[in-house]
Structure formats: structure tokens, C-alpha cells
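1. Need coordinates for the following:
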Amino acid sequence: MATQNIPCVHSEHEEGQSLLDSYGIIGNMHSCALVSINSASIDWYCYPYFDSPSIFGSMLDKEIGGRFSIRPTTCDHRSKQFYWPDTNVLITRFLSEEGVTQVIDYMPVKQQGSPGYLWLVRRVKVVRGQAELVMECSPAFDYARRGHHAKIEEYGAVFTERVKTDDPSRTEGLVMHLETDLPLQLGRYKNDEQGCKISRDTVGDDGVHSRFTLKEGETAVFVFRERHGKHRRYDPEAHNTLDAKSKLWSELHTPEGHTDDYSHKTDCTALEDRLFNETLSYWKGWLGKFNYKGRWREIMQRSALVLKLLTFAPTGAIISSPTCGLPLVLEKQYNYDPRYTWIKDAAFTLYAFLRVGFTEEAAQFMGWLECRCKESKLLAEMEDEVADDPVDDPSLGGALRTLKDGVVDATSKVLHVAEEAIGKLGSADIPSPHPISALYTIHGKPSNETIELGHLSGYQNSRPVKIGTSGSLEYHLDIYGELLDSVYLYNKYGTMVSYDFWTFLRRLVDWVCHHWHETDDGVWGMGEGRKHYVYSKVMCWVAVDRGLRLADRRSFPAPRRRWYRVRDEIYESIMRRGWSPERKAFVQAYDTTVLDASVLIMPLTFFISPTDPRMLSTLDAIWRPPQKGGLVYSSLAFRYQHEAPEAGQPASSCRGRRSCSTSSIDEGEGTCNICSFWLIEALTRASAKRPDLLRSSRIMFEELLGFANHVGLYGGETGLSGETLGNFPQALTHLSLISCAFNLDRTLGSKGL
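-> The predicted model follows:
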């Protein structure tokens with residue numbers, strides 16, 4: 001399915017705010033920008049890094065959020081948006097009777113200290129005829145919390161952020177330069193009632209604009225970059241909190257023998273042409289490593305390009321999404337900040353990169369994971385239990401086992417007391433009782449702070465907007481399975497892990513052996529209290545299983561007998577309490593009857609055969625419409641049922657159905673794209689016993705491809721009206737797409753289809 005030259009159909013809300021479906025993304029592996037098809041408007045851009053405060057943020061507030069737009073002055077035009085083939089260079093094209101104009105947006109991929117580093121470049125060109133255009137640049141620093149001063153200079157405009165005099169940690173504000181050879185004027189244009197035709201009236205003095213005409217073959221260039229000819233030196237220690245002061249103001253320096261003074265238009269124009277060609281060459285060269293030759297190759301390439309954009313080059317971390325504050329339910333309070341690296345995404349990340357040939361990215365991400373393990377104080381202080389525990393010797397009887405179980409239970413109670421204290425105090429200074437955090441910043445630090453931006457109206461009036469996350473304080477047992485699975489995959493398909501790293505992994509497995517029986521917050525973090533979630537138990541089994549496989553594959557020393565015993569205990573526990581005889585399916589949590597699509601991970605992690613009668617029965621239960629007790633509308637799957645059906649009533653309640661919701665958090669939520677791809681992959685694997693499922697899985701997959709936007713991007717969820725919901729684009733959705741497409745294509749090929 002081609003993503004080029006497809007016009008946007010569903011792009012703008014009636015109030016004039018662009019919908020998520022209307023955006024393309026550009027980036028440089030430090031930050032990124034979202035560009036709307038409607039007016040080539042950059043409505044989201046954080047600088048200098050993904051998790052830095054926004055400079056353009058009209059996606060979250062169309063009035064004060066700030067934007068950088070380039071568009072025709074009249075309404076009688078159509079717009080298309082597409083990527084330059086095999087790159088992340090984005091083209092927005094305007095077509096009218098007067099002519100054809102295109103805006104080419106890109107962010108050069110340059111090394112620190114090189115011209116173009118952390119630049120945002122926009123090239124406007126008239127392909128045919130002529131066009132009258134207007135450019136408007138209205139930044140809003142620090143999520144529109146700080147004002148700024150705009151000044152017109154000879155070759156552009158300078159925007160200087162205002163800093164409060166009572167703030168000792170900020171001695172100067174951010175200074176951004178809009179560089180162009182076109183004449184600029186202060187002020188922002190006002191739209192007419194239709195929201196598209198530009199009047200000649202301007203408002204304010206915090207933005208600049210330019211009204212200009214280009215003829216066929218003529219171009220105009222705009223470069224948005226930091227002023228003063230300095231380059232940022234990346235310093236992860238300067239990025240430990242949500243404090244905008246710490247995030248933005250790492251030390252600046254100019255590398256020896258290097259200059260960044262391109263204030264003359266001749267230099268800037270010549271440099272832009274070189275940067276454009278270098279950027280094209282970089283992306284084409286990178287994608288040249290893509291080794292998948294099967295069906296849906298172009299779609300998988302776009303997903304790989306998105307994942308590369310969401311990679312933070314200095315550390316190798318991959319963020320969940322570059323945006324924040326975008327709701328799962330419109331006009332509700334449920335939004336969050338996903339600009340972090342989640343351990344639960346680790347195995348999918350490694351698998352996706354390795355499957356399509358990007359071993360360098362997989363190695364960099366594995367290095368990031370290894371650093372997180374080695375930084376764990378709890379793991380460093382744990383004693384290695386290499387020899388098999390004497391409790392495993394049946395000749396010693398049950399007395400010693402009882403004594404040890406008592407010690408473990410007492411330790412667990414102490415840990416829970418510590419967890420409650422952390423939850424009440426919310427202090428980052430209290431050491432975590434868990435070996436690793438569920439998520440980290442792109443700089444490798446846990447995050448415990450959330451801030452509400454009450455002054456922003458939010459996307460489609462969904463407020464309050466939140467930045468930051470307290471996810472590091474949540475208790476997630478599933479992350480250990482995801483981490484160990486990723487290491488196992490990398491050792492198998494990439495490079496063999498070192499013995500030193502193994503000693504930390506061994507301690508992780510030992511920790512899981514002692515704590516798997518505890519309750520946790522679950523993979524979805526629903527805020528409904530800790531339970532024995534089946535997904536978490538499965539991932540605990542995966543952690544121990546992958547530890548055993550890795551030890552055997554590499555002949556590493558390990559307490560194998562104890563690990564085998566614990567692995568079997570977890571398995572029996574899941575089969576006994578995670579299976580509902582009433583629903584004839586695996587369920588969300590122990591001793592409940594609530595369906596949850598997360599159990600689809602079972603055959604994908606080889607916990608259970610995809611053709612096992614229990615798994616086939618679970619697929620049948622999930623693969624029903626909500627009104628019949630399932631989770632699936634057509635090819636789209638909800639995450640889980642909100643509540644169990646009452647006795648004697650049909651099991652029709654489903655997360656997202658307004659008729660059964662009991663809280664505003666759940667009301668109106670759409671289907672989960674990740675779960676939809678998991679379902680298709682599970683059906684594909686189950687087709688070994690039920691061949692009819694293969695045809696169904698292919699149809700569902702190809703239907704699901706139609707829910708990507710016009711340039712092949714997915715958000716976290718698809719709304720009940722087909723709209724994109726949640727933060728956008730989402731890495732895990734694209735990771736799941738690659739895994740699903742790979743396995744579906746392989747299965748179809750094996751059948752000669």
C-alpha cells in the first residue's frame with residue numbers, strides 16, 4: 001500500500017484545530033516536529049530534545065500554543081502530503097488553478113558541531129504557475145508559559161525568551177533565529193470566518209509574518225535554529241528533572257575551529273541546498289540496510305523510519321511517542337506524557353530492529369538497557385545465588401522450605417510498606433524497592449514528577465494537559481520478562497552478551513523468583529488497585545524462562561534447579577487461577593471473568609502453544625463483538641472489558657462503550673491498535689491447526705492498514721468514529737505492525753499463498 005500522494009480526507013475539526021490524522025512527522029533523532037497537511041503548519045516542536053518544553057504547541061492550544069505555518073492566501077486550493085521516497089523528508093503540496101506549490105520540511109541529521117545540527121529547515125518552491133503565500137512564525141516558549149521578544153533583523157527575525165529576574169538558575173533565555181532572505185514584519189495574521197483566507201490585519205508583536213509571491217521555479221528558504229553560533233553539548237546529568245531550566249540549559253560551546261555564523265543569505269542558501277541533499281542521502285543510505293523482501297515492504301519501511309525518528313541518538317533510547325497531552329477520550333482528563341522509554345517496549349523494539357536488518361540500532365538500544373541494569377543499586381547490592389538453593393534438595397525435608405518462605409513473605413511485606421511510603425510522599429529521594437524502573441527518561445533517569453499545564457485548552461478541549469509522569473513509582477512485574485526476552489533475542493540474533501552483564505541479569509531472575517507472587521499495577525496502569533494480573537504473571541514466567549534459555553545457550557552459571565521449579569510454579573498458577581472455566585478463556589486477573597486483550601501475548605512469547613485448546617478458546621472469546629461478550633469490532637480490538645458481566649446477563653460490557661462505563665476515564669475510549677496487531681498475529685499462529693484463521697488474519701491486517709493516516713502513521717488508538725486518538729505517532733504500534741507483518745507474510749509464504 002503506497003503512502004505517497006494520498007490526499008488528506010479527515011483533517012480539521014470544525015473549530016479550526018487540525019486533527020491528529022492530518023500530521024506528518026520530521027526529525028533528527030534529538031527532537032521532531034509535526035507538520036499539518038492543512039497549512040503546512042508546524043504545530044508541535046520541542047527543542048532541543050524530545051522531552052524539552054515546546055516552542056510550537058498549537059496542537060494543544062490553537063490560540064496561545066504557537067505555530068510556524070506556510071500556506072496560500074486563499075481557500076481555493078487542495079492539499080496533499082507525502083514523504084520523499086525512502087526518507088523522512090516531508091512534502092506538503094498545495095494545488096490550485098493558479099499553480100502548484102510545495103513546502104519541503106526536514107531536519108538535517110548532523111553530528112554535534114556541524115552546520116545544520118539541530119536545525120529545522122523549510123524550503124518553499126512553486127512547481128507550476130505562481131502562488132501568493134504567507135508565512136507566519138509565532139513561537140510560544142516553555143509550553144506557552146514564558147513570553148518572548150521578537151525583533152526583525154537584516155536576514156530574518158530573532159525571538160528571545162524572557163526569563164524571570166527572581167530565577168537564579170536561569171541567567172539567559174533561549175534565543176531562536178528565523179533565517180530567511182524574504183522581508184519580514186512583526187505581528188500575526190488574522191483568519192477570516194472561514195478560517196483559511198488570510199486578511200491583511202495583524203495582531204500582536206510576538207510573532208512575525210511575510211506575504212510573498214513566487215513564480216514557477218522560484219524558491220524561498222526558512223531556517224529555524226538557535227542563535228549565537230553555539231552548539232549544545234549533550235550532558236545527561238543536566239536532564240534529571242522536569243524543570244525546564246535543567247532541561248534546556250545544558251552548557252553551550254563552540255567546537256574549536258568551527259563556526260556557525262551563516263548570517264548572509266548567499267551562505268545560507270548554498271548551505272541549505274547541501275543540507276537537503278545530505279539529508280536525502282542519509283535516509284536512503286540508512287534504509288538501504290532494510291533486508292525484508294516480503295509483502296507490505298513499503299509499509300514496514302515507513303514504520304522503521306518512524307522508529308528511527310523516535311530514537312534518541314546520544315543514548316539509543318526509543319521514546320513511546322514524541323507528543324504529550326493527547327487524550328484517549330476526547331474532552332476528558334485522561335491524557336499523559338509518553339516521551340519516555342518504557343521497558344515494556346524493549347522486546348518488541350529489539351525484535352523489530354533485528355528482523356528487518358537494523359543490528360546497529362538494536363545494539364545501541366541493548367547498550368542502553370545494560371546501563372540501566374548496571375545502575376541499579378538494588379541489583380548491585382544483591383548477593384549472587386549461583387549454586388542451587390539447598391531448599392531444592394528434597395532430602396532436607398519441608399522445614400527449611402517453610403523457613404525460607406517465611407523470610408520471603410516478610411521481605412515482601414517490608415517492600416510493600418516502602419512502596420506505600422513512596423506513593424504518599426512522591427519523593428525521588430527515596431530509593432526504589434524494585435531493581436529497575438518501569439520507564440526512564442531519554443537521558444536514563446527515572447521520572448517521578450507530573451505537572452499540569454492548566455493554561456492550555458488541550459487538544460479538542462481535552463484538559464488539563466499533563467507533562468511528566470510518575471510511572472517510576474508504579475509497581476510493574478511485567479517489565480522483567482520484557483527485558484529478559486529482549487536480551488535473549490539480542491543474544492540469539494545479534495551479539496552475545498557478556499558475562500558481566502549476565503551477573504546482573506541473573507540477579508534480576510533471582511529477584512523475580514522471590515517476588516512473582518505479588519500483586520502489581522498491570523500493563524495498562526488502570527489505577528484500579530493492584531491485582532494478580534495474568535499478563536504480569538506470564539511475563540514473570542518469561543523472565544525465568546529466558547534466563548534459563550540464556551544460561552543453557554551460553555553455559556552461564558545459574559541456579560537452574562530453583563529457576564526450573566519457580567518457572568513451573570508460575571505456569572501452574574496461571575493455568576489454575578488465570579483461566580476462567582465460565583468464560584472458557586484466559587482473563588485479565590486471577591479469579592475474575594474479565595477479558596483482556598493483553599493475554600494475546602501468551603502464544604507470541606511461547607508461554608503456550610497457539611494451537612492449545614485453551615488458547616483457541618480464548619481467541620474465540622476475544623474475537624467476538626462487544627455485544628456478544630468479546631473485544632473486537634471488525635478488525636479493531638479493545639484493550640479489555642471494563643467490568644465483568646452480571647450473573648444471568650450477556651458479557652457485553654467493554655472498555656469504550658458508553659452504556660457500561662462507570663468512570664469518566666473509560667467512557668468513550670477507542671480500540672487499541674497494538675492489541676489489534678497482537679490479535680492478528682495470534683490468529684496467524686493458530687492457523688496451523690485451524691487453516692481458516694489465516695485468511696481471516698490477512699483480511700483483518702489489510703483492513704487495519706487502512707486506519708493509518710495519509711502518510712502511514714498510527715496513534716495509540718482508533719476512536720469509535722475511526723479517528724486517531726492518543727499520542728501520535730506511537731512507537732509500540734509500529735513495532736507491533738512490523739512483527740505482525742513479518743510473521744503473517746512468512747506463514748502465507750509457507751502455504752504458497
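
2. Helices of the stretch 301-450 of the chain, start to end?
-> Along the stretch 301-450 of the chain, counting by DSSP state H, counting those that start in this stretch, helices occupy 346-355, 359-374, 377-381, 399-425.

3. now the angle from the first one to helix 359-374?
-> When axes from the mean of the first three to the mean of the last three C-alpha atoms, to 10 degrees is applied, the directions of helix 346-355 and helix 359-374 differ by 150 degrees.

4. If you count contacts, what does helix 346-355 end up packed against?
-> Counting contacts by 3 or more C-beta pairs under 8 Å, 6 or more residues apart in numbering; DSSP states H and E, helix 346-355 packs against helix 297-309, helix 359-374, helix 478-493, helix 731-750. Yep, even glycine has a C-beta here, placed from its N, CA and C like the rest.

5. Name the stretch among these that sits most buried.
-> helix 478-493 (a mean of 23; mean count of other C-beta atoms under 10 Å).

6. Give the other helices and strands that that one contacts.
-> Secondary elements touching helix 478-493 (3+ C-beta pairs under 8 Å, 6+ apart): helix 346-355, helix 359-374, helix 499-515, helix 534-554.

7. would JSON lines of those with mean pLDDT and distance to Lys289 be doable?
-> Output for the helices and strands packed on helix 478-493, formatted as JSON lines (pLDDT from 0 to 100; distance: least, C-beta to C-beta, whole Å):
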{"stretch": "helix 346-355", "mean pLDDT": "85", "distance to Lys289": "10"}
{"stretch": "helix 359-374", "mean pLDDT": "88", "distance to Lys289": "8"}
{"stretch": "helix 499-515", "mean pLDDT": "93", "distance to Lys289": "25"}
{"stretch": "helix 534-554", "mean pLDDT": "96", "distance to Lys289": "26"}
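
8. re earlier: of the helices and strands packed on helix 346-355, which shows the lowest average pLDDT?
-> In terms of average pLDDT, helix 359-374 trails the rest of the helices and strands packed on helix 346-355, at a mean of 88.

9. if we look at that helix, which residues are touching it?
-> 289, 308, 311, 315-318, 341, 343, 346, 349-350, 353-354, 379-380, 435-437, 440, 444, 483, 486-487, 490, 494-495, 497, 501, 504-505, 508 (C-beta atoms under 8 Å, 6 or more residues apart in numbering).

10. repeat that with 6 Å
-> Applying C-beta atoms under 6 Å, 6 or more residues apart in numbering, the contact partners of helix 359-374 are Thr315, Gly316, Ala317, Thr349, Leu350, Phe353, Leu354, Ile436, Tyr490, Gly494, Phe501, Phe504.

11. out of the residues you listed, which is most surrounded?
-> In terms of neighbours by other C-beta atoms under 10 Å, these top out with Phe353 at 29 neighbours.

12. What residues does it make contact with?
-> Glu361, Ala362.

13. just Leu326 next, same as before
-> Contacts of Leu326 by C-beta under 6 Å, 6+ apart are Tyr459, Asn727.

14. Could you rerun that using 7 Å?
-> Leu20, Asn335, Tyr459, Gly726, Asn727, Phe728 (C-beta atoms under 7 Å, 6 or more residues apart in numbering).

15. shaky segments in the stretch 601-750 of the chain?
-> 642-668 (pLDDT under 70).

16. hey, where'd the strands end up in it?
-> Using DSSP state E, counting those that start in this stretch, the strands of the stretch 601-750 of the chain run over 632-633, 636-637, 671-672, 717-718, 724-725.

17. picking up where we left off before, let me have the contacts of Leu326 in JSON lines, extended by distance to Phe742 and neighbour count.
-> Shown next, in JSON lines, are the contacts of Leu326 (distance: C-beta to C-beta, whole Å; neighbours: other C-beta atoms under 10 Å):
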{"residue": "Leu20", "distance to Phe742": "27", "neighbour count": "25"}
{"residue": "Asn335", "distance to Phe742": "32", "neighbour count": "23"}
{"residue": "Tyr459", "distance to Phe742": "33", "neighbour count": "29"}
{"residue": "Gly726", "distance to Phe742": "24", "neighbour count": "28"}
{"residue": "Asn727", "distance to Phe742": "25", "neighbour count": "27"}
{"residue": "Phe728", "distance to Phe742": "24", "neighbour count": "27"}
